[in-house]
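K.L.:
Curious how this folds, go ahead:
(2 chains)
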Amino acid sequence: VTLLEQNPRWRLVPRGQAVNLRCILKNSQYPWMSWYQQDLQKQLQWLFTLRSPGDKEVKSLPGADYLATRVTDTELRLQVANMSQGRTLYCTCSADRVGNTLYFGEGSRLIVV
Amino acid sequence: AQKVTQTQTSISVMEKTTVTMDCVYETRDSSYFLFWYKQTASGEIVFLIRQDSYKKENATEGHYSLNFQKPKSSIGLIITATQIEDSAVYFCAMRNQGGSAKLIFGEGTKLTVSS
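P.N.:
Numbers count the residues shown, from 1 in each chain, chains lettered A, B, ... in the order given. This is a model prediction of the structure:
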């Protein structure tokens, strides 16, 4: 059973252009939604966790700037800007913020051109 | 500082054999949670098995089991009767009890199963 739907699944991103990603939660029992990035060396790194509609956070990492927004109880968005190296962004969901298992979406692969 | 380390970059085994993948972690927290995930060639990341730090019994799930050695801060993944479809990259991860839904991942171990 698919818990998360991410789109787009992949995107060619011209250098200097921003891209917007969406993640839709299919099961409200896992409301804690997060974004993770996987770099070209396959290292996975946590970016954000947003629980409530209206929550926003920003972060800058080597190779990209991020703005995450929890739009509704079922929708999480991520804007990726100033990307200099390709990466894959994964959305996750969890039943709580303490110890429950995280489940991953299929990922959005971004390629810089 | 919290850290997860997988020293085995890649492992190759024959089908139907047993393989063990190593993982060590660092944390100052008394309560924490350990996970293993599998990433397929398509990029899909699938949850396999977990171990809660307060549980002494090693977790098992199908043909996956864990070797939890708390004094050594070690959580090995054991796959018995390996199949070609088990070929993937395996990630060890740790989550602490407090804070956000943040997993700290190891570098991953690539498993290749041959017939």
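K.L.:
what helix or strand does the spatially most central residue of chain A sit in?
P.N.:
Nearest to the mean C-alpha position of chain A, counting by C-alpha atoms, centre = their mean, stands A:Trp35 at 3.4 Å. In this structure, A:Trp35 sits in strand A:32-38 according to DSSP states H and E.
K.L.:
How about the residues of chain B by chain A?
P.N.:
By C-beta under 8 Å from any C-beta of the partner chain, the residues of chain B that approach chain A are B:31, B:33, B:35, B:37, B:39, B:43-47, B:50, B:52, B:89, B:91, B:93, B:95, B:97-105, B:107-108. In this view, the C-beta of every residue, glycine as well, is placed from N, C-alpha and C.
K.L.:
returning to that earlier point: from the chain's centre, how far out does the strand holding A:Trp35 sit?
P.N.:
From the chain centre to the centre of strand A:32-38 is a distance of 5 Å (C-alpha atoms, centre = their mean, to the nearest Å).
K.L.:
Helix or strand next in line after that strand, which one?
P.N.:
Later in the chain than strand A:32-38, the nearest helix or strand by DSSP H and E is strand A:44-50.
K.L.:
Against which helices or strands is whichever helix or strand comes after that following strand packed?
P.N.:
For strand A:44-50, the succeeding helix or strand toward the C-terminus, using DSSP H and E, is strand A:56-61. In terms of contacts (3 or more C-beta pairs under 8 Å, 6 or more residues apart in numbering or on different chains; DSSP states H and E), strand A:56-61 is packed against strand A:44-50, strand A:64-70.
K.L.:
Adding distance to chain B, write those strands out as a markdown table.
P.N.:
Output for those, formatted as a markdown table (distance: least, C-beta to the nearest C-beta, whole Å):
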| stretch | distance to chain B |
| --- | --- |
| strand A:44-50 | 4 |
| strand A:64-70 | 12 |
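K.L.:
May I see those organised as a markdown table, with distance to A:Arg87 added?
P.N.:
Shown next, in a markdown table, are the helices and strands packed on strand A:56-61 (distance: least, C-beta to C-beta, whole Å):
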| stretch | distance to A:Arg87 |
| --- | --- |
| strand A:44-50 | 10 |
| strand A:64-70 | 7 |
